[in-house]
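Visitor: No letters, just coordinates:
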């Protein structure tokens, strides 16, 4: 074994930018160590030149000493980068790592590196990708393909570049249209622009053609620089050619834990011409796995595509060779047949099949990014970083979680000892490490912590998975983070004289107590403002103090053209110099406008499930298709089988392709598969399904759910799962614990006894305080022969603390040796533990005679009124008035108080709720109990308006509108102009338990006109 450590830089080039804010940026420079990692090693980093100046452009303590502790393979140091306010372009810092004289430490080949400091006074413009791909059109109109340019650095000025065509095999005027050079302008605040090429069909078999593209700045323009991606290629796919490739660069399967081998599918996709027959060869070209012992597949394997098929899957059989060998690989390659000119291998012509070793534990982070926020309270926030384990989960395993860099500082921004050992007990598949995040009261923006997983030297049965690194982002609570609530918003052309409205929602986190503003800009897309939609761009969006959500409404009209789905590309931008507002990770979005002249047909679900028959006749399982858009015409699609492990003729029956017809007015159709019993123990089998339209049918489009999987459950196997995704219990009111009952159900083969483990994985409840502390990490559940349902109980304890609902997360785990038992799809559940407080049950009656809101929670403008108000109470002498006047709170705060999701009020009325008031109470009821109360909606809004104030009731976070200004009104004797008069609301509970009941009133579209809600006489019978 080597006694020498080798240390070098992890990369030869780093790039970072000057900071536009009052504090410096920090960048981490990483060093890696290989060889002997069991000792202490120290090296020094020195400055060897560059155009950046120490002290004005950057700061680094020199010489910089870097020490590796025993077991550590990665270390880092940080460099502060300053903004000197000068236009100077990119500057460099050249660094070298040298030995400190330790004979057991040598320097690796990457002994130097360069840090590029990008100038924030300069706009850096480049292509967003090295390759853009479009296809010749199959229709009378040309296709459009967008080539996107991005801008970083200084985005607050006007900038322009030329996009030029410098060559390629495609010909302008016959293959595509675009004037060259094409000027591309960036207005202040814009960070991306898209140039559209029109692609026509020249009806020639010519394969893929290319257009070479280049970016250039104007002479003498010092504040615009072409970035590293200054060239790109546009590939124009030939629609006379079939393009076949792997659907992914990597496929992953695992050795089998059972007598039968596992199967892993390797999927090939086809684009371009899908109307002809096509064939390729899938060949094995190498790898560490051995055919015949690790896997079985004949090579080369011919793969044929029938007309209309766009996907095919080849299955590898993976067995267990009982050897501890780690992950093994199979290298795969696609080839066409000699002389076949109309079939081309796509860009993903090679792939790797990774075979995970079931003797090895694979541990990795569950995500590439984790996000937490500084605390607004005296106590620090906690953010969890989760690790997952696959492969062998039946042994004990341990890894080290290490901090390898980032801009956040341990001890002031967060607390965690590094390295942090993380232990997995037998059966555990995930573990969470919690970071404490404090508030340092500095305006510094998002800070980062870079994390890395490492195994212990000599530990051969634990391997770090593909997600071995991650980043923890710490959001600054002095900063407002604003972003789109989704990457995609969908609306449809109107079928009426008035346009449809579709809302695009922005959310705010971090500092919500100040005023904030961003610009929503339209940056491209195929839809045209003024004919397809209306919205002024840029559109300023203002957040008042306390507001966490705002919705911008687009008006969508019908242009009576058959054009398919059109898009509007959206971007968020902050104002120059605004340091306390930052665009979040979802800073762009797309609005899709569905064409009401087109029928959109798709599967109703991504998965359908059926079971083998236990009888002489086969079972039937339905696969449902839905239609939206134009439902008034006749439409047809083909449902095709594109692969899967089940075999047509023995496992199921269905002719493929199967035509599915929609008659005028029909919005769904179901295709039935016949499922028989083949008497084999084979586990769940699958059928992959795909929808296709007929060539030249422009009025029918496949929707987003154009593929699905039919799972056929094996009736020789027991499938065990939780009966629900959630269970609910309450803390005890006495010294004896309450018991929450958790139910497991079994389907499939129930003739034999079998056992599963229930793992207590994590959650907010604390074992021993909130629930009984004698379960350990798992609970065994035994099913006797014939049993289909089993329950176990969890003791729930009162901790004497007023708190929100707490949770226990549970997960099922089967014994790998028991091949006749599998875990079903509902393999996880959550137990919600409700807090103990004085609830109201049957016989409860509440007016407001006590002169206060005892046992009610309330927010906003609320007051008790007698008959002198001008309206007589329905019970007793007092009634409660809620108004939208002075003292009201924002709609988003009210949503949080009631327990709703953001924008639920807006979605209820399809408009912008602004402010209001509400009360809330927790009620405990039995199934069949009836809640009733009296209400009277009052308003000063007497004229017709789109902004209709309204009153609502929410029961267990389910929202219902009571009335709005369009309701039947009469003159009011109160200080409001009109009212509905008292009416009675009733609701019958279908389940027993504790429920939140809220009532309130909201302003819409303005904050000037006042409305109110009187409530009285709450009863449960």
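Guide: Sure, I can see it. Computed from a predicted structure; not experimentally measured.

Visitor: Which residue ranges make up each domain of this structure?
Guide: 5-118, 127-237, 242-356, 361-475, 480-594, 599-713, 718-834, 845-1020 (automatic domain parsing).

Visitor: list the contacts for the nearest residue to residue 606 once chain neighbours are set aside?
Guide: Take residue 606 and drop its neighbours on the chain: the residue closest to it by Cβ to Cβ, 6 or more residues apart in numbering is residue 708, 5.7 Å away. C-beta here means a position set from N, CA and C on the backbone, and glycine is covered the same way. By Cβ atoms under 8 Å, 6 or more residues apart in numbering, the contact set of residue 708 is 603, 605-608, 623, 689.

Visitor: CSV for these, including distance to residue 1017 and pLDDT?
Guide: Below are the contacts of residue 708 laid out as CSV (distance: Cβ to Cβ, whole Å; pLDDT from 0 to 100):
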residue, distance to residue 1017, pLDDT
603, 49, 96
605, 45, 92
606, 48, 90
607, 48, 90
608, 49, 94
623, 51, 95
689, 56, 92
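
Visitor: all helices in the stretch 801-950 of the chain, in order from the N-terminus.
Guide: With helices called from DSSP state H, counting those that start in this stretch, the stretch 801-950 of the chain shows them at 891-898, 904-909.

Visitor: residues making contact with the first one?
Guide: Think helix 891-898. Against helix 891-898 from outside (Cβ under 8 Å, 6+ apart): 546-549, 857, 859-860, 889, 901-906, 913-918, 920, 954, 957, 996, 998, 1000, 1002.

Visitor: Restricted to strands, list these.
Guide: Among the contacts of helix 891-898, the ones falling in strands (DSSP state E) are 549, 857, 859, 889, 913-918, 920, 954, 996, 998, 1000, 1002.

Visitor: Can you say which two of those residues are spatially most distant?
Guide: 914 and 996 (23.3 Å; Cβ to Cβ).

Visitor: higher neighbour count, those two?
Guide: Ranked by neighbour count (other Cβ atoms under 10 Å), residue 914 and residue 996 place residue 914 first, with 23 against 16.

Visitor: And for the spatially closest residue to the more buried one that is not a sequence neighbour, the neighbour number?
Guide: Leaving aside its chain neighbours, residue 914 sits nearest to residue 1003 (4.7 Å; criterion: Cβ to Cβ, 6+ apart). Counted with other Cβ under 10 Å, residues neighbouring residue 1003 total 26.

Visitor: pLDDT score for residue 1003?
Guide: If you check residue 1003, the pLDDT there is 91.

Visitor: ok, which stretches of the stretch 1-150 of the chain are strands?
Guide: 5-9, 13-17, 25-35, 41-49, 58-59, 64-68, 74-81, 91-99, 105-107, 112-118, 123-127, 131-135, 143-153 (DSSP state E, counting those that start in this stretch).

Visitor: circling back: any quick PyMOL command for the buried ones out of the contacts of helix 891-898?
Guide: Buried subset of these, written as a PyMOL selection, criterion 16 or more other Cβ atoms under 10 Å:
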select buried, resi 546+547+548+549+859+860+889+902+903+904+905+906+913+914+915+916+917+918+920+954+996+998+1000+1002
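
Visitor: got the buried residues for stretch 170-184?
Guide: Buried-residue list, stretch 170-184, by 16+ other Cβ under 10 Å: 170, 175-176, 178, 184.

Visitor: Dump the residues you listed to TSV, plus secondary structure.
Guide: TSV is the format used below for the buried residues of stretch 170-184 (DSSP: H, G, I helix; E, B strand; the rest coil):
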residue	secondary structure
170	coil
175	coil
176	strand
178	coil
184	strand
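
Visitor: returning to that earlier point: please convert the strands of the stretch 1-150 of the chain to CSV, extending it with mean pLDDT.
Guide: Formatted as CSV, those follow (pLDDT from 0 to 100):
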stretch, mean pLDDT
strand 5-9, 93
strand 13-17, 84
strand 25-35, 86
strand 41-49, 92
strand 58-59, 89
strand 64-68, 90
strand 74-81, 87
strand 91-99, 92
strand 105-107, 91
strand 112-118, 90
strand 123-127, 91
strand 131-135, 87
strand 143-153, 87
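
Visitor: who wins for proximity to residue 596 among those strands?
Guide: strand 143-153 (21.2 Å).

Visitor: Need the residues that contact whichever helix or strand comes after that closest one.
Guide: Moving toward the C-terminus from strand 143-153, the next helix or strand (DSSP states H and E) is strand 159-167. Contact with strand 159-167 is made by 123, 125, 147, 149, 151, 172, 178, 180-186, 195, 211-218, 221, 223-224, 226, 231, as judged by Cβ under 8 Å, 6+ apart.

Visitor: residue boundaries of the helices in the stretch 201-350 of the chain?
Guide: Counting by DSSP H, counting those that start in this stretch, the stretch 201-350 of the chain contains no helices.

Visitor: Okay, now the unreliable bits of it?
Guide: 202-203, 205-206, 256-260, 321-322, 324 (pLDDT under 70).

Visitor: And the strands in it?
Guide: Counting by DSSP E, counting those that start in this stretch, the strands of the stretch 201-350 of the chain are 209-216, 224-226, 231-237, 242-246, 250-254, 262-272, 278-286, 295-296, 301-305, 311-318, 328-335, 343-345, 350-356.

Visitor: Relative to residue 865, which of these is closest?
Guide: strand 224-226 (65.8 Å).

Visitor: quick one: strands adjacent to that closest one?
Guide: strand 123-127 (parallel) (DSSP bridges).

Visitor: Any of the contacts of residue 708 buried? List them.
Guide: Buried among those by 16+ other Cβ under 10 Å: 603, 608, 623, 689.

Visitor: other SSEs contacting the helix or strand hosting the third one?
Guide: Think residue 623. Counting by DSSP H and E, the element that carries residue 623 is strand 619-629. On a contact count with 3 or more Cβ pairs under 8 Å, 6 or more residues apart in numbering; DSSP states H and E, strand 619-629 meets strand 599-603, strand 607-611, strand 635-643, strand 668-675, strand 707-713.

Visitor: hmm, 10 Å instead?
Guide: Helices and strands touching strand 619-629, by 3 or more Cβ pairs under 10 Å, 6 or more residues apart in numbering; DSSP states H and E, are strand 599-603, strand 607-611, strand 635-643, strand 658-662, strand 668-675, strand 685-692, strand 700-702, strand 707-713.

Visitor: now the fourth one and strand 635-643, what's the angle there?
Guide: If I follow you right, that is strand 658-662. Comparing the axes of strand 658-662 and strand 635-643 via axes from the mean of the first three to the mean of the last three Cα atoms, to 10 degrees yields an angle of 150 degrees.

Visitor: tell me the average confidence for strand 658-662?
Guide: pLDDT averaged over strand 658-662 gives 92.

Visitor: swap in the shortest one?
Guide: In this model, strand 700-702 has a mean pLDDT of 85.
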